[in-house]
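Engineer: This is the structure alone, sequence omitted:
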């Protein structure tokens with residue numbers, strides 16, 4: 001990855017691989033994206049954008065997601081538009097990250113930009129219970145072990161060679177199987193297993209795994225140098241997203257780029273390996289960022305969108321938001337979202353079965369219809385209730401893409417595991433969903 005990036009980096013206006021070695025990995029990717037967006041915003045010319053200005057304006061409206069017109073520059077910067085948000089993680093209950101990221105829904109709203117591999121959702125084996133904060137892979141990499149309710153180390157029984165070091169999808173499945181056998185630790189927060197790193201010693205934990213020590217201390221009230229950590233698999237990473245070509249651009253909508261976890265860029269396939277999110281930050285940030293900068297520098301890629309189209313697109317979003325205010329229905333956004341999370345966790349989770357997924361698609365469609373009967377109070381200023389209701393509806397649409405994709409992919413591949421189609425099928429399914 002490092003070798004592949006160096007040829008794309010210009011020293012004068014981007015962080016280089018040498019900068020990355022200093023440890024500022026996240027900034028290396030983000031600064032590039034900010035920089036190319038700044039380049040794009042400076043560009044102005046009179047060229048039309050291959051007749052796609054109306055679709056781009058529609059995408060703008062979709063991505064505003066209920067924000068005011070003052071956020072225009074933040075979402076739509078002249079020539080290019082970059083989706084680099086994380087997939088909406090609130091789709092599942094067992095989830096280590098919550099967020100307000102709606103890039104995929106914005107792409108869906110265009111009607112022309114497809115999503116790919118949305119069913120490829122990875123579960124990390126060691127989400128802490130009850131917080132779902134991730135206990136890093138380093139715990140097991142350094143020698144930590146997984147134990148059941150009987151204090152028995154079970155992974156060597158399933159994976160004699162790799163044990164706890166098997167891939168994330170394998171370890172997650174084995175843990176859930178163990179819990180299903182009645183070997184989980186029962187608590188008011190649900191069943192869990194134990195992660196034991198006490199054998200690593202206090203010095204190692206406090207120096208090599210300091211973050212784990214602090215998370216356990218502040219969020220769990222556990223001292224991992226003396227006590228075991230309660231863990232259970234939690235939703236972690238989404239390999240799918242906005243479909244792009246190798247440059248990060250949407251084939252269907254010129255000028256729309258997606259990078260990072262929001263993109264179906266095919267860096268990870270159906271099962272991201274540990275540490276590769278950092279690689280993607282650097283690689284996608286540099287390579288896609290470079291292509292965006294080159295795109296912006298070409299005069300033929302300019303665009304002149306009539307102001308009327310922008311206002312018409314914004315009016316569509318405003319009308320949808322007003323629909324919540326004027327609604328006289330009796331649906332509760334919290335209850336709809338909670339039910340959606342339950343459906344996704346129990347029927348589109350680590351183990352998937354055709355009948356369950358058919359039921360999930362049917363129920364999610366019904367929940368989506370019900371979301372049009374959510375009333376919201378009209379208040380002056382910020383309206384968190386409106387944001388919650390609008391995003392709940394948006395999340396239901398994204399959840400449907402995940403469920404429907406999982407139902408249609410009749411094989412098991414990476415993080416997508418079907419009990420009724422347990423074998424990988426490269427003949428029929430070596431392609432994007």
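Structural biologist: Everything's here; your move. Since we're looking at a predicted model, the values are computed, not measured.

Engineer: for this protein, what are the low-confidence residue spans?
Structural biologist: 1-104 (pLDDT under 70).

Engineer: Can you point out the buried residues in the longest helix seen in it?
Structural biologist: The single longest helix within the chain, with elements called by DSSP state H, is helix 384-408. Under the neighbour-count criterion of 16 or more other Cβ atoms under 10 Å, helix 384-408 has 385-387, 389-407 buried. Heads up, the C-betas are built off the backbone N, CA and C, glycines and all.

Engineer: What of stretch 233-250?
Structural biologist: Within stretch 233-250, the residues scored as buried using 16+ other Cβ under 10 Å are 233-244, 248-250.

Engineer: and if you look at stretch 196-213?
Structural biologist: In stretch 196-213, counting by 16+ other Cβ under 10 Å, buried: 196, 197, 198, 200, 205, 209, 212, 213.

Engineer: can you check stretch 218-236 too?
Structural biologist: For stretch 218-236, the neighbour count (16+ other Cβ under 10 Å) marks 220, 222, 224-225, 228-236 as buried.

Engineer: so how far is stretch 320-327 from its chain's centroid?
Structural biologist: Mean-position distance between stretch 320-327 and its chain equals 28 Å (Cα atoms, centre = their mean, to the nearest Å).

Engineer: One more: stretch 111-131?
Structural biologist: Centroid displacement of stretch 111-131 relative to its chain, using Cα atoms, centre = their mean, is 6 Å.

Engineer: mind checking the SS state of residue 237?
Structural biologist: Following DSSP: H, G, I helix; E, B strand; the rest coil, we place residue 237 in the strand state.

Engineer: show me the contacts for it.
Structural biologist: Shown in contact with residue 237 (Cβ atoms under 8 Å, 6 or more residues apart in numbering): 121, 122, 124, 261, 272, 277.

Engineer: I'd like those as CSV, with neighbour count and secondary structure appended.
Structural biologist: Output for the contacts of residue 237, formatted as CSV (neighbours: other Cβ atoms under 10 Å; DSSP: H, G, I helix; E, B strand; the rest coil):
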residue, neighbour count, secondary structure
121, 26, strand
122, 23, strand
124, 23, strand
261, 24, helix
272, 24, coil
277, 16, helix
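
Engineer: Which of the residues you listed sits closest to residue 134?
Structural biologist: Here the nearest of these to residue 134, counting by Cβ to Cβ, is residue 124; it sits at 5.8 Å.

Engineer: Grab the nearest non-local neighbour of that closest one.
Structural biologist: residue 236 (3.7 Å; Cβ to Cβ, 6 or more residues apart in numbering).

Engineer: circling back: could I get the buried residues of stretch 218-236 as a markdown table with distance to residue 371 and secondary structure?
Structural biologist: Below are the buried residues of stretch 218-236 laid out as a markdown table (distance: Cβ to Cβ, whole Å; DSSP: H, G, I helix; E, B strand; the rest coil):
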| residue | distance to residue 371 | secondary structure |
| --- | --- | --- |
| 220 | 35 | helix |
| 222 | 39 | coil |
| 224 | 42 | coil |
| 225 | 47 | coil |
| 228 | 41 | coil |
| 229 | 38 | strand |
| 230 | 34 | strand |
| 231 | 34 | strand |
| 232 | 29 | strand |
| 233 | 29 | strand |
| 234 | 26 | strand |
| 235 | 22 | strand |
| 236 | 27 | strand |
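
Engineer: Between all of those, which two are separated the most?
Structural biologist: 225 and 235 (28.5 Å).

Engineer: Tally up the residues packed near the residue nearest to residue 224 when sequence neighbours are not counted, please.
Structural biologist: Leaving aside its chain neighbours, residue 224 sits nearest to residue 216 (4.6 Å; criterion: Cβ to Cβ, 6+ apart). Using other Cβ atoms under 10 Å, residue 216 has 25 neighbouring residues.

Engineer: follow-up on the earlier one: present the contacts of residue 237 as a markdown table; the columns should include distance to residue 346.
Structural biologist: Below are the contacts of residue 237 laid out as a markdown table (distance: Cβ to Cβ, whole Å):
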| residue | distance to residue 346 |
| --- | --- |
| 121 | 14 |
| 122 | 18 |
| 124 | 19 |
| 261 | 24 |
| 272 | 24 |
| 277 | 27 |
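
Engineer: And for residue 352, the neighbour number?
Structural biologist: By other Cβ under 10 Å, the residues close to residue 352 number 22.

Engineer: typo on my end, it should be residue 145
Structural biologist: For residue 145, using other Cβ under 10 Å, the count is 19.

Engineer: same thing with residue 420?
Structural biologist: Using other Cβ under 10 Å, residue 420 has 12 other residues around it.

Engineer: any idea how far the closest residue to it other than its chain neighbours lies from residue 429?
Structural biologist: Excluding the flanking residues, the one nearest residue 420 by Cβ to Cβ, 6+ apart is residue 354, at 5.1 Å. In this view, residue 354 and residue 429 are 15 Å apart by Cβ to Cβ, to the nearest Å.

Engineer: Give me the more crowded residue out of these two.
Structural biologist: More crowded of residue 354 and residue 429, by other Cβ under 10 Å: residue 429, with 18 against 14.

Engineer: Against residue 143, how distant is the more buried one?
Structural biologist: Separation of residue 429 from residue 143 (Cβ to Cβ) stands at 37 Å.
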